[in-house]
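Engineer: With the sequence up front, the predicted model follows.
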Amino acid sequence: DVVAYWMRMEDLRICDNRALAQASASAIKDHVPLIVFFVLSPEDYVAHDRSPRRIDFTLRNLSVLKDSLAKLNIPLHVSLHSQRRTLPSYVISFLQSVNAIRVFANIEYEVDELRRDINVCRLAKDNGILPSFVHDKLIVEPGLLSTKQGKPYTVYSPFQRQWLSTINSDTDNFLAEGASPKANPPSVKSCPVFQKLFASEVPSYVEGFQCPDGDKMAVVWPAGTDNAREMLRRFLHTKSRGTHLGIADPLDEAADISEKQSRAILYKENRDRADKDTTSRLSPYLAAGIISARECIRATLDLLGVKKVQANRDSGVGMWVQEIGWRDFYTHVLAAFPRVSMGRPFQEKYANVQWESNPEHFEAWRSGRTGVPIVDAAIRQANTMGWMHNRARMIAAMYLTKDLMIDWRLGERHFMQQFIDGDLASNNGGWQWSASTGTDPQPYFRVFNPYLQSEKADPSGDYIRSFVPELRKVFGPEIHNPPAKLADKLGYPRPLIDHKEARDRALRRYKNPGSK
Ligand code: FAD
């Protein structure tokens, strides 16, 4: 007999992993070995627009995990099953083949995943295997917070207030570290079934998801929890050297915290600066669960030397904690309103907004050739790094939906297919916010002026110069909106559209959804 932990794409870590910790405790109690298995599911990746970068990142992390688990005598079995429809029965056959008596997993809140796991539970019980699905991804699990009327929150600020007071009412529980799994007895290795398991290697790619820039991604986004912790340390304890762009320098000299100049301490002032490396860049690690959100929050308590979580908008660390709160919020929304993960606007009244069907414009946007430098820099940053600064995401998303008037779902899909940190809830939340169709949205009449946004997000122009080589020699205000003659000379495209006219069109169409 064995106890099994089913690891999935959102919980690629050993420490502070609730399902794994419970599986380990159960194996120890029952005196049976613990095994970990992971099933690659290419049809799911197609259906969910998973990027080759994300799949490659998953495989790189599985390789690291395989070695770390082996040190604990816990085998990691990685296999591939092509048909998503039959995945539940595949999982059960696998569990039967290793004589599993229990299976543990962390809950994934997306509709397809919930349906799949309900099937797995049913089949497991039919076959005498006890399933346990555990909340782990968020600080506060979906369903725990509600308005005075008992409804799910649809606006962030009141959600955040209750989120924070709930956590602080019982920090030991909400921030508790899942106990690390204990080493399995060495006899595991001599058992024939485990011999077979040990033979499974982590593949270097999944057919259809080969990552063309995998070598670069491995440098920019190194795999493993140790590297995620290094990113966290870098954010909390070191200064931004203002250089950033492209590859982050993890070897920044440690800053003296008493100087109060670390990225975390100055996050409030600097977080919207796309031209500086001022944010944590932890999103790929949080999205894949390589580090837990609990660990991030616990680290803020240590940094400030306090016992209660601070989410005060007046301080850098408090603002950052609020961003982790947004991650919880959007997943709560996804769990409470499954329509948002089915391509529908949260605000149904905007279901009929008339979108432009203009393949040339969409192509120009997704290749970073709109003629608006900040938008092009943002898209090209994503195309080269698999990641984009938050303010740049907002600007690029709003430009697609309000200026080009192209359906937000196309942009949402493109981001998922490019990003290494693609997360359905946060990506959908961000797109619906920008398109003014979501919960707690930007009201439709607030349309970003991309040129003014550019001056605020990239006052030095370094961001644009880094990612738009045609403009590398342009300095001063012209970088934000190069005059036509200069653009022509430098081989940089002219703007696709006049911002003011585009804005008027957007206002008309949002005011009367359905009208042209
Ligand atoms: P930091 O500023 O250091 O924030 C710390 C962490 O908080 C992030 O790593 C992330 O986990 C979380 N966070 C921060 N901002 C948000 C937010 N607005 N919503 C939800 N969580 C947040 N984030 C993703 O993780 N995956 C996505 O696919 C994604 N798509 C987005 C699409 C659009 C259109 C927009 C506007 C935002 C999107 N975001 C997404 C949110 C945000 O842009 C990124 O989380 C952030 O830029 C990551 O950089 P960082 O790790 O340095 O963030």
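Structural biologist: Now that the structure is in, tell me what you want to look at. Numbering: from 1, shown residues only.
Engineer: Check the protein for the residue nearest the ligand and tell me.
Structural biologist: residue 430 (2.3 Å; Cβ to the nearest ligand atom). Just so you know, the C-beta spots here come from the backbone N, C-alpha and C atoms, and that holds for glycine as well.
Engineer: residues making contact with the strand or helix carrying that residue?
Structural biologist: Remark: residue 430 resides in helix 424-434, with elements defined by DSSP states H and E. Identification of contacts with helix 424-434 by Cβ atoms under 8 Å, 6 or more residues apart in numbering yields 48, 109-110, 283, 287, 326-327, 329-331, 333-334, 340-341, 345-346, 393-394, 397-398, 401, 408-409, 411-412, 415-416, 419, 438-442.
Engineer: rewinding a little: what about the residue of the chain closest to the ligand, how many residues nearby?
Structural biologist: 22 (other Cβ atoms under 10 Å).
Engineer: Contact partners for the closest residue to residue 313 other than its chain neighbours?
Structural biologist: Closest residue to residue 313 apart from its sequence neighbours, by Cβ to Cβ, 6 or more residues apart in numbering: residue 319 at 5.9 Å. Contacts for residue 319 (Cβ under 8 Å, 6+ apart) come out as 267, 268, 271, 313.
Engineer: what does residue 445 give?
Structural biologist: The contact partners of residue 445, by Cβ under 8 Å, 6+ apart, come to 507, 510.
Engineer: same thing but 10 Å
Structural biologist: 436, 503, 506, 507, 510, 511 (Cβ atoms under 10 Å, 6 or more residues apart in numbering).
Engineer: Just put those residues in TSV and tack on neighbour count.
Structural biologist: Below are those laid out as TSV (neighbours: other Cβ atoms under 10 Å):
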residue	neighbour count
436	23
503	17
506	22
507	14
510	23
511	10
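Engineer: and those residues, which of them are in helices?
Structural biologist: 503, 506, 507, 510, 511 (DSSP state H).
Engineer: Within range of the ligand, give me the residues from the chain.
Structural biologist: Applying Cβ under 6 Å from any ligand atom, one finds that the chain approaches the ligand through 271, 279-283, 286-287, 323-324, 326-327, 330, 389-390, 393-394, 397, 415, 419, 421-423, 426-427, 429-431, 434.
Engineer: can you pull out the helices in the stretch 51-200 of the chain?
Structural biologist: 52-71, 87-97, 111-126, 156-169, 171-174, 192-198 (DSSP state H, counting those that start in this stretch).
Engineer: okay but residue 63 is in contact with residue 222, surely?
Structural biologist: No - between residue 63 and residue 222 there is no contact under Cβ atoms under 10 Å: 11.8 Å.
Engineer: so how many other residues sit close to residue 357?
Structural biologist: 11.
Engineer: what residues are up against it?
Structural biologist: 405, 406, 407, 410.
Engineer: Residue 418 too?
Structural biologist: 49, 51-54, 366, 379, 382-383, 385-388.
Engineer: Any chance of a PyMOL selection covering the buried ones in those residues?
Structural biologist: Restricted to buried positions by 16 or more other Cβ atoms under 10 Å, the PyMOL selection for the contacts of residue 418 reads:
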select buried, resi 49+51+52+53+54+366+379+382+385+386+387+388
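Engineer: Using CSV, please lay out the contacts of residue 418 together with distance to residue 78.
Structural biologist: Compiled in CSV, the contacts of residue 418 are given as follows (distance: Cβ to Cβ, whole Å):
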residue, distance to residue 78
49, 22
51, 19
52, 17
53, 19
54, 16
366, 32
379, 33
382, 28
383, 29
385, 27
386, 22
387, 25
388, 30
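Engineer: Show me the shaky parts of this protein.
Structural biologist: Along the chain, segments meeting pLDDT under 70 span 185-199, 241-259.
Engineer: what's the domain layout of it?
Structural biologist: Per the record, the chain has its domains at 1-136, 215-336, 348-511, by automatic domain parsing.
Engineer: So which of those domains is nearest residue 179?
Structural biologist: domain 1-136 (4.5 Å; Cβ to Cβ).
Engineer: wait, what's in contact with residue 373?
Structural biologist: Counting by Cβ under 10 Å, 6+ apart, residue 373 has contacts 450-451, 454, 458, 461, 463-465, 467-468, 470-471, 474, 478-482, 487, 492, 495.
Engineer: If we use 6 Å, what do you get?
Structural biologist: Under the criterion of Cβ atoms under 6 Å, 6 or more residues apart in numbering, the neighbours of residue 373 are 464, 468, 471.
Engineer: same question, residue 134
Structural biologist: Residue 134 neighbours (Cβ under 6 Å, 6+ apart): 18, 19, 106.
Engineer: Next: residue 324.
Structural biologist: Contacts of residue 324 by Cβ under 6 Å, 6+ apart are residue 293.
Engineer: try it again with 7 Å
Structural biologist: Applying Cβ atoms under 7 Å, 6 or more residues apart in numbering to residue 324 gives the contacts 139, 293, 296, 297.
Engineer: elements contacting the helix or strand that contains the third one?
Structural biologist: For residue 296, the host element (DSSP H and E) is helix 293-304. Using 3 or more Cβ pairs under 7 Å, 6 or more residues apart in numbering; DSSP states H and E as the contact criterion, the neighbours of helix 293-304 among helices and strands are helix 225-237, helix 316-336.
Engineer: just those helices: most buried one?
Structural biologist: helix 316-336 (a mean of 22; mean count of other Cβ atoms under 10 Å).
Engineer: helix or strand right after it?
Structural biologist: helix 359-366.
Engineer: On the C-terminal side of that next one, identify the next helix or strand.
Structural biologist: helix 373-385.
Engineer: what's next to whichever helix or strand comes after that following helix, contact-wise?
Structural biologist: On the C-terminal side of helix 373-385, the closest following helix or strand by DSSP H and E is helix 390-398. For helix 390-398, contacts defined as Cβ under 7 Å, 6+ apart pick out 272, 274, 279, 374-375, 378-379, 381, 411, 430-431, 434, 447-448, 450, 453, 457.
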